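[1] Structure of the sequence below:
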Amino acid sequence: MIIIFILFTILLLLVVIFRKETNALSDTFTNTDKGLKIVLIGDSMLNNSAYVLANQSVPDLLSKKLVGNTVYNFAKDGATINDCYAQLDKISTELNNSRTYIVVSCGGNNILSSRSLKSSDMNNLFNEYSELLKSIKTRVPNASLYVINLYTPTNSHYVSYHKAIDQWNQLLEDNKSSLKYKIINTSSLLVTDEDFTYNIEPSEKGGKKIVEAIVNSL
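    Modelled structure (predicted):
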């Protein structure tokens, strides 16, 4: 019986050690990368605080996930591409270094308010978006630039926009090399009704998926 007890104790200790090691691995990012600066530029995909419970917005969840790093949230609900220039002005030149990551999400509100969803109009809109990205690169050339592609809301009211969203995402893919950015893919993550609130905004569940996508991309 004593031998069995000893063996059981050893087994229990091994389980505890294994769990600690597993948890450590799951937090690799926050344990090894400190002092990073993550700057959020854009719309409600990056700032959904008006649609979720307190402390459950994308910036809140991102700050909790990236312990030891700093999240600068300049994104605003309803922002268009042009609105993002005012957000860009808030980026201090001190953030112009390799430890800074700029995450951009915009274009969706422009598409929603567009009177026409023709391919030519989408190309013109993307040219406007490209100028914003170039301005970001000019202000903080040493920072890494990431852009978030657009999800397709599951609510039937927005089905007519799906083709335009798909074209936008393809334009993002086609221009990533020339404009020197990396894509954070959310279009394949936010796919269920539970990922949205108010029909189109990221819910707490959707926000968590966006945060995971950001963290996994950095």
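[2] What sits closest to E201 if chain neighbours are left out?
    Spatial nearest neighbour of E201, excluding adjacent residues (CB to CB, 6 or more residues apart in numbering): Y51 at 4.3 Å. No exception for glycine: its C-beta is placed from N, CA and C like everyone else's.
[3] That neighbour in helix, strand or coil?
    coil (DSSP: H, G, I helix; E, B strand; the rest coil).
[4] residue ranges for the helices of this protein, please.
    Here the chain has its helices, by DSSP state H, at 2-26, 28-32, 58-65, 84-88, 108-113, 119-139, 162-174, 176-179, 204-217.
[5] Would you reformat the ones you listed as CSV and include distance to D43 and mean pLDDT?
    Formatted as CSV, the helices of the chain follow (distance: least, CB to CB, whole Å; pLDDT from 0 to 100):
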stretch, distance to D43, mean pLDDT
helix 2-26, 30, 45
helix 28-32, 25, 42
helix 58-65, 11, 97
helix 84-88, 8, 98
helix 108-113, 6, 95
helix 119-139, 12, 95
helix 162-174, 14, 96
helix 176-179, 19, 97
helix 204-217, 12, 97
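[6] and of those helices, who's closest to Y101?
    Comparison of the helices of the chain against Y101 by CB to CB identifies helix 204-217 as nearest, at 8.6 Å.
[7] For that closest one, what is the distance to the chain centroid?
    Centroid separation for helix 204-217 versus its chain: 6 Å, with CA atoms, centre = their mean, to the nearest Å.
[8] one step back: redo the helices of the chain as JSON lines? Include mean neighbour count and distance to I148.
    What follows is those, written out as JSON lines (neighbours: other CB atoms under 10 Å; distance: least, CB to CB, whole Å):
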{"stretch": "helix 2-26", "mean neighbour count": "9", "distance to I148": "24"}
{"stretch": "helix 28-32", "mean neighbour count": "12", "distance to I148": "18"}
{"stretch": "helix 58-65", "mean neighbour count": "20", "distance to I148": "10"}
{"stretch": "helix 84-88", "mean neighbour count": "18", "distance to I148": "13"}
{"stretch": "helix 108-113", "mean neighbour count": "18", "distance to I148": "9"}
{"stretch": "helix 119-139", "mean neighbour count": "16", "distance to I148": "12"}
{"stretch": "helix 162-174", "mean neighbour count": "17", "distance to I148": "9"}
{"stretch": "helix 176-179", "mean neighbour count": "12", "distance to I148": "12"}
{"stretch": "helix 204-217", "mean neighbour count": "19", "distance to I148": "7"}
